[in-house]
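# Only the shape, not the letters, is given here:
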């Protein structure tokens with residue numbers, strides 16, 4: 001049982017480190033997406049917001065693709081927030097009742113209780129990390145969609161400026 005508890009303790013510390021890793025990634029990604037949103041907002045104000053006043057078919061295409069890119073980056077921001085959301089970070093029981101229970105029972109029952117605590121906490125912690133990972137993956141995909149959309153907008157605007 002001692003080897004099993006040592007193994008579970010190591011897995012617990014690994015999952016805690018993995019949780020911290022995802023938290024750091026989420027906060028950096030959220031900052032990155034916020035800067036992108038600020039840049040997009042600045043760009044839309046250029047030329048007196050002419051992008052929002054389409055007069056030709058090509059300008060309508062630019063507007064639609066721009067809106068797709070803007071919506072995608074907004075969704076990425078939301079998924080970044082969901083990934084960073086401060087929720088429950090499962091930790092091992094640390095209550096007075098648990099400590100007193102461990103003092104009152106024999107060694108075998110105490111080890112079994114500690115084993116169950118590790119198993120339950122690892123399952124919950126792993127589930128929480130997987131949710132963060134899913135949201136971060138969605139946010140990354142949405143940033144990629146936004147980058148492609150805004151790149152197409154830049155190409156189309158360049159084309160329109162060259163052939164004016």
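Thanks, I have the structure now. Computed from a prediction, not measured in an experiment: that's the story for all the values here.
# So for the lowest-mean-pLDDT helix or strand in the chain, what gets flagged as buried?
When the helices and strands of the chain are scored by mean pLDDT, DSSP states H and E, helix 96-104 comes last with a mean of 82. Along helix 96-104, the positions that meet the burial threshold by neighbour count (16 or more other C-beta atoms under 10 Å) are residue 102. To be clear about C-beta, it is placed using only N, CA and C from the backbone, and glycine gets the same treatment.
# Repeat that for stretch 149-164.
Taking 16+ other C-beta under 10 Å as the neighbour-count basis, stretch 149-164 is seen to contain the buried residues 149, 150, 152, 153, 156, 157.
# Considering those, which is situated nearest to residue 128?
Minimum distance to residue 128 across the buried residues of stretch 149-164 is 31.9 Å, recorded for residue 149 (C-beta to C-beta).
# give the contact list for the nearest residue to the closest one once chain neighbours are set aside.
Once flanking residues are discounted, residue 149 sits nearest to residue 69: 3.1 Å by C-beta to C-beta, 6 or more residues apart in numbering. With contacts defined as C-beta atoms under 8 Å, 6 or more residues apart in numbering, residue 69 is in contact with 40, 145, 146, 147, 148, 149, 150, 153.
# Mind telling me what element the fourth one is part of?
Right, the one you point to is residue 147. Using DSSP states H and E, residue 147 sits in helix 107-162.
# Show me what that helix is packed against.
Judged by 3 or more C-beta pairs under 8 Å, 6 or more residues apart in numbering; DSSP states H and E, the packing partners of helix 107-162 are helix 2-45, helix 57-84, helix 96-104.
# Now do it against helix 2-45, angle only.
Relative orientation of helix 107-162 with respect to helix 2-45: 20 degrees, computed using axes from the mean of the first three to the mean of the last three C-alpha atoms, to 10 degrees.
# and the angle from helix 107-162 to helix 57-84?
Counting by the same axes, to 10 degrees, helix 107-162 points 160 degrees away from the direction of helix 57-84.
# How far off centre is helix 107-162?
Distance of helix 107-162 from the chain centroid (C-alpha atoms, centre = their mean, to the nearest Å) equals 4 Å.
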